[in-house]
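Peer 1: I would like the atomic coordinates for the input below:
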Amino acid sequence: MATILIVDDSSDDRRMIELLLRSYTPANVLSAGNAQDGIALAPQADVIMMDVMMPGMDGIEAFEILRKSPETKNTPIIFMTAYPQSILDRFSGQALGSIDYLVKPVQKDALLNRISIHLGVHDARQRLQAQKLSERDQLSLLLAALQQSADGITVTDRGGKWIMINPAEAKMFGYGQQEFLERGIREIYEAASADRIKSEIIPILEKQDHWEGELSGRKKNGEIFPILLSLATVKDNSGKFLGIMGFTKDITPLKKAYQDLSQAQEALVRSERMKALGEMVGGIAHEFNNLLAGILGNTQILLQTAKDPSLAKRLRTIERAALTGAEEVKRLQTFTLTSAGTERKLFMLKDLLQEALLLTRPRWRDLTHKKGITIEVETDLGECPALEGDEENLRIAVINIIFNAIDALPQGGKIRARCWADKSFAYLQIADTGVGMKPDVLERAFEPYFTTQRPMKSGLGLSVAYGTVKKHQGDIELKSEPVKGTTVTIKLPLSGAKIGAEAVPPAGKPAAAAVRIMIVEDDPIVASLLTDILSRAGWSVKTSDQPVAALSEAERGDFELVIVDLGMAAMNGLEFSRRVKAAAPRTRVALITGWDIPPGQAELEKNGVDVLWRKPFNVDEIFNRVSALLAR
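Peer 2: Numbering: from 1, shown residues only. Next up, the predicted model:
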């Protein structure tokens, strides 16, 4: 077991250090209150901790005596001082490399770390001695370990000339061992790192034993790569500075892992920001939809009775403004990128492409004109059968592709948008005459967060488009050449269905007043509008803004139809519907919502919902939908 000697005239300092060593190390601990007693105990010690300022003989005088004794000349000595400069001032430059010290008050972690290093060396020496190896055999064992180390190891003289390197060091830099030894420091390290070694790191090593940090190495083929270099001074028994031993590790994989982690963290932060933004926009859009439902519905009711042409004209203006507002809210919801993408419906690819061009027109026409740039957009919109899918997310994908085409035309140019179909597939193509992509950029174009335009772009445009198209069992092809431009082609399977096949049937005569309808809606504007529309049609309507109280009535089965809002505080519309259906299976349930992310069809069916209607409402549309639902 190793023995540690503490030499300090302060009994409090001795007791504190002794307590730490006994608590955290397996070593025996000896102590002395002055330098003379310390010298007497020193032959028993494997490590000595020596206070510098002591009465009579100080620690540095004791150090010089111990270094002259055959018994203690190699024993590690750690000075303890509140004034480390006093140590450096007392020693000559030749001996500085042998000095080890801790600054008072001694910190636990620093003390234990330094003692751990010295005890490790002590244990290794004891194991070698237990093998009863000669000094020559011990040296051979040490050299073999150095040669077989997986990390690079070097030894240089005081002037920086290579004395020894191991195979791992030569291989790391792409050289043979002899070839490496013939190279200068500026051939092994990148220029700035080589200069730093000579001007900064060597002077540090002359004052302390160790330096560790990141530098840049230069391989034989010229490649620059990151290394972690740990340097320690090599001294003789008298403390004379002989040279430097270095341990080199290629940290390219570590840097790559750190970069990947940083990108993942960045992506997570961006995702959370988008999620928060989407939730905020979704909530605002929901409230706007409720307001627009009241404005649009009441305006359409007034139009039915307006006889004054001037009044009717103004009401039509209000109606158009409300409809435009509803479309703008829908576009706002589309750009939040939070839609669940579960709603599949029939749509025409030609219409989708025209809408995408219309939505992006402010960028490819208005903004570019302000900069004095012209981007010409050509369209070739062929006919093709209907497609079935997530129209909104496909529209986002096409918009992202158009934005990329615009970005590729900083000096102006042409964008050509086409769509066509064959027997099995529909095709949409966006081609530009822009700067194009180099092969290495083209290869990574679909990677998430890869972009050549940071920080302005997120790098998600093409990756989102790729994912959306793949979810539709389609394919997306990207062709590009520098200077010649880029062409993106989307291929989607045809659905075989026809637009209008599932349209709501026209309403017949208004139902008799015996038909009872319950409206459960906590927004008074929407509730009042629905009540007015349905009452005018001849139905008996009861309204409630308290879903818990309304449930007890609905469960009795007294209503042919219940219209319930999805988002209510006391009870959401899905739970309300499920409980109504469980008690009164013949009651039809319509769920209404102004949110952009409604439940999927499977969840609607599981909760007994017959149909989902989005806000805001068109008066005639509501009348026809209710008539169709009651006719089932």
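Peer 1: next helix or strand past the host helix or strand of Ala285?
Peer 2: In the assignment (DSSP states H and E), Ala285 maps to helix 252-305. Per DSSP H and E, the first helix or strand lying C-terminal to helix 252-305 is helix 309-335.
Peer 1: tell me what the next helix-or-strand element following that following helix is packed against?
Peer 2: Sequence-wise, the next helix or strand downstream of helix 309-335 (DSSP H and E) is strand 345-347. Packing contacts for strand 345-347, counted by 3 or more Cβ pairs under 8 Å, 6 or more residues apart in numbering; DSSP states H and E, involve strand 387-389. C-beta here means a position set from N, CA and C on the backbone, and glycine is covered the same way.
Peer 1: domain parsing of the chain, as residue ranges.
Peer 2: Following automatic domain parsing, one gets these domains for the chain: 3-130, 141-250, 259-335, 349-493, 516-630.
Peer 1: need the longest strand for the protein.
Peer 2: The longest strand of the chain (DSSP state E) is strand 224-235.
Peer 1: in its sheet, what does the next helix or strand after that strand sit against?
Peer 2: Sequence order places strand 241-250 as the next helix or strand after strand 224-235, per DSSP H and E. According to DSSP bridges, strand 241-250 forms sheet pairs with strand 152-157 (antiparallel), strand 224-235 (antiparallel).
Peer 1: thinking again about what came up before, contacts for the longest strand of the chain?
Peer 2: Applying Cβ atoms under 8 Å, 6 or more residues apart in numbering, the external contacts of strand 224-235 come out as 97-98, 155, 172, 190, 201, 205, 209-219, 241-252, 255.
Peer 1: give me the below-cutoff pLDDT ranges for the stretch 51-200 of the chain.
Peer 2: Within the stretch 51-200 of the chain, the stretches with pLDDT under 70 are 88-99, 121-122, 124-135, 137-139, 141-142, 145.
Peer 1: go again with 50.
Peer 2: Within the stretch 51-200 of the chain, the stretches with pLDDT under 50 are 92-98.
Peer 1: can you give me the strands in it?
Peer 2: All strands of the stretch 51-200 of the chain, identified by DSSP state E, counting those that start in this stretch, fall at 77-81, 100-103, 152-157, 162-165.
Peer 1: ok, the last one: who's next to it in the sheet?
Peer 2: Applying DSSP bridges, strand 162-165 is found paired with strand 152-157 (antiparallel).
Peer 1: what about the partner strand, distance to the chain center?
Peer 2: Mean C-alpha position of strand 152-157 versus that of the full chain (Cα atoms, centre = their mean, to the nearest Å) differs by 40 Å.
Peer 1: go through that strand and flag the buried ones.
Peer 2: By neighbour count on 16 or more other Cβ atoms under 10 Å, the buried set for strand 152-157 is Gly152, Ile153, Thr154, Val155, Thr156.
Peer 1: just the endpoints, please. Distance across stretch 359-377?
Peer 2: 13 Å (Cα to Cα, to the nearest Å).
Peer 1: next: stretch 611-619.
Peer 2: Stretch 611-619 end-to-end distance (Cα to Cα) = 17 Å.
Peer 1: residues making contact with it?
Peer 2: With Cβ under 8 Å, 6+ apart as the contact definition, stretch 611-619 has outside contacts at 289-290, 292-293, 295-297, 300-301, 304, 322, 326, 526, 529-530, 533, 590-594, 598-599, 604, 622, 625, 629.
Peer 1: before we move on, the earlier item: so which of the strands of the stretch 51-200 of the chain is nearest Gly372?
Peer 2: strand 152-157 (57.6 Å; Cβ to Cβ).
Peer 1: mind giving me the ChimeraX select for the contacts of strand 224-235, buried ones only?
Peer 2: A single ChimeraX command selects the buried members of these (16+ other Cβ under 10 Å):
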select :97,98,155,172,190,201,205,211,215,217,218,241,243,244,245,246,247,248,249,250,251
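Peer 1: rewinding a little: which of the contacts of stretch 611-619 are buried?
Peer 2: Of all the contacts of stretch 611-619 considered here, the ones buried according to neighbour count by 16+ other Cβ under 10 Å are 289-290, 292-293, 295-297, 300-301, 322, 326, 526, 529-530, 533, 590-594, 598-599, 604, 622, 625, 629.
Peer 1: circling back to that earlier point, looking at the domains of the chain, which has the lowest confidence?
Peer 2: Of all these, the minimum mean pLDDT falls on domain 259-335 (a mean of 73).
Peer 1: what is the burial count for the spatially closest residue to Ile318 that is not a sequence neighbour?
Peer 2: Using Cβ to Cβ, 6 or more residues apart in numbering and skipping residues adjacent in sequence, the residue nearest Ile318 is Thr299, 4.8 Å away. Using other Cβ atoms under 10 Å, Thr299 is surrounded by 21 other residues.
Peer 1: Asp558 now?
Peer 2: Neighbour count for Asp558, taken as other Cβ under 10 Å: 12.
Peer 1: list the contacts of it.
Peer 2: If you count contacts by Cβ under 8 Å, 6+ apart, Asp558 has them with Arg516.
Peer 1: if I look at it, how far off is Ala550?
Peer 2: Taking Cβ to Cβ, to the nearest Å as the measure, Asp558 falls 11 Å from Ala550.
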